[in-house]
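Undergrad: below are the sequence and a predicted model; questions follow.
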Amino acid sequence: MTATDPMTTPATAGERAGDEPLLVVEDLTVRFPTEDGVVSAVTELSYQVEQGETLGIVGESGSGKSVSSMAVLGLHDSRTARITGSIRVRGTEVVGMSESKLRKLRGNEIAMIFQDALAALHPFYRVGAQLAESYMVHHPDASKRDARRKAIEMLDRVGIPRPDRRVDDFPHQFSGGMRQRAMIAMGLINDPSLLIADEPTTALDVTVQAQILDLLQDLQREFNSAVIIITHDLGVIAEMADDVLVMYSGRAVEYGPCKDLLVHPEMPYTWGLLSSVPDVTSDTNARMIPIPGNPPSLLAPPAGCPFHPRCTHRDKVPGDLCATTLPELLPGGRGGSHLKRCHLSNPDAIYEAEVLPEIAPDLAQER
Ligand SMILES: Nc1ncnc2c1ncn2[C@@H]1O[C@H](COP(=O)(O)OP(=O)(O)O)[C@@H](O)[C@H]1O
Ligand code: SF4
Ligand SMILES: [Mg+2]
């Protein structure tokens, strides 16, 4: 999605390191002071996304996925959200950036697509007019005719049939899948280098879901953009992502290359997520086992490991460590860039012996 080649783009003022990844999030903390107390929505979160790569962020509802991604776009109201840490896009700091600079960043450099396309598209304006409008905001020299042509081209790119006619439809004349495609077209119309897709297919039926995910992958390959895909579905992650970040209670609890992390997950919460998605492996005997209990309150997160009230493996950790001491996010037993936040000393062995036989018996036997 890059109009400019990073190899030839001159370094801009304020750039910290010319060779750092496209997006670097460091120690991001987002708190909301409320009447009931302070909501710790995101705590000390760090991750990176390289150009052309896909990061999947996964976790149950309320784990801080949307709040952290909205911070990347500078979408939080500074009167209600307290944000600390650093978010750098091509080396430029986003935290504390002025609203006028943020507006340029959004659309130009970063775009977001949401779960609910109806809410993102204005019901009273024609789809094409809305696409043309967002093109013209970032291309002030473009004529109306150019913008309309671009809108039709983008509708065509995302697979809307007869785009030259459908460009004049209102959003309610589009099906749910077509509205989602139109929103993707809107996200891509200004060639952003980073696209954040927040549960982009949750509201759609399974077939349309698969088509939209395929479309996103095709467009990413074509534009060499970076993509963050947010989902509660590890199946989507397995399909799409290079890296995966598992969030729980506003924190990263496991983070690493998708291929390693999904085959050798080292954190009981990730095991729980895998157990509740039957189609991650093709194993037909796989059982769906929901994670017991509920996510913790972010007004008063539990002491120690945030997952300890729900964890069925904490008896394997000596003493009361799980309930008293927050595990650090550290390289797991397999080393490399695969990180996990858990006190268990032998998670691989436990996963192979106890977890895999439950959720994928055939796969466990093969190993
Ligand atoms: N403006 C706000 N004020 C107070 N709490 C908020 C606000 N926005 C989000 N939260 C809380 O932050 C937590 C994380 O939310 P979110 O990032 O939306 O979760 P999800 O992982 O489902 O996307 C939730 O408990 C939510 O209620
Ligand atoms: S640190 Fe303890 S409670 Fe937390 S996931 Fe690991 S074993 Fe479970
Ligand atoms: Mg969300």
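TA: Sure thing, it's come through. Ligands and ions are numbered 1, 2, ... in the order given.

Undergrad: any regions of this structure where pLDDT drops low?
TA: Judged against pLDDT under 70, the low-scoring parts of the chain cover residues 1-18, 117-118, 278-288.

Undergrad: how about 50 then?
TA: Within the chain, the ranges that satisfy pLDDT under 50 run 1-16, 280-283.

Undergrad: domain map for it?
TA: Taking automatic domain parsing as the reference, the chain has its domains at 23-241, 271-366.

Undergrad: could you look up the SS state of Asp315?
TA: Put simply, Asp315 is helix when judged by DSSP: H, G, I helix; E, B strand; the rest coil.

Undergrad: who in the chain is up against ligand 2?
TA: Where the chain comes near ligand 2, counting by Cβ under 6 Å from any ligand atom, the residues are 267-268, 305, 307-308, 311, 313-314, 317, 322, 327, 342-344. C-beta coordinates here come from the backbone N, C-alpha and C atoms, glycine included.

Undergrad: go with 5 Å
TA: For the chain, the residues in contact with ligand 2 under the definition Cβ under 5 Å from any ligand atom are 268, 305, 307-308, 311, 313-314, 317, 322, 327, 342-344.

Undergrad: nearest to ligand 1 among those residues?
TA: Nearest to ligand 1 among the residues of the chain next to ligand 2 is Phe307, at 14.9 Å by Cβ to the nearest ligand atom.

Undergrad: which non-adjacent residue is nearest that closest one?
TA: The spatially closest residue to Phe307, leaving aside those adjacent along the chain, is Tyr269, at 4.8 Å (Cβ to Cβ, 6 or more residues apart in numbering).

Undergrad: could you measure from that neighbour over to ligand 1?
TA: Here the distance between Tyr269 and ligand 1 works out to 13 Å (Cβ to the nearest ligand atom, to the nearest Å).

Undergrad: can I assume that residue sits in a helix?
TA: Yes: the assignment for Tyr269 (three-state DSSP) places it in a helix.

Undergrad: OK, contacts around it?
TA: When contacts are counted by Cβ atoms under 8 Å, 6 or more residues apart in numbering, Tyr269 is found next to 246, 248, 253-254, 291, 307, 311.

Undergrad: so what's the residue count around Leu131?
TA: Using other Cβ atoms under 10 Å, the number of residues around Leu131 comes to 26.

Undergrad: contact partners of the host helix or strand of it?
TA: With elements taken from DSSP states H and E, the one containing Leu131 is helix 127-138. Outside of helix 127-138, the residues within contact range by Cβ under 8 Å, 6+ apart are 104, 107-108, 121-122, 125, 142, 144, 147-148, 150-152, 154-155, 166-171, 174, 182, 185-186, 189-190.

Undergrad: can I have the buried ones of these as a PyMOL selection?
TA: Under the burial definition 16 or more other Cβ atoms under 10 Å, those of those that qualify are selected in PyMOL by:
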select buried, resi 107+108+121+142+147+148+150+151+152+154+155+166+167+169+171+174+182+185+186+189+190
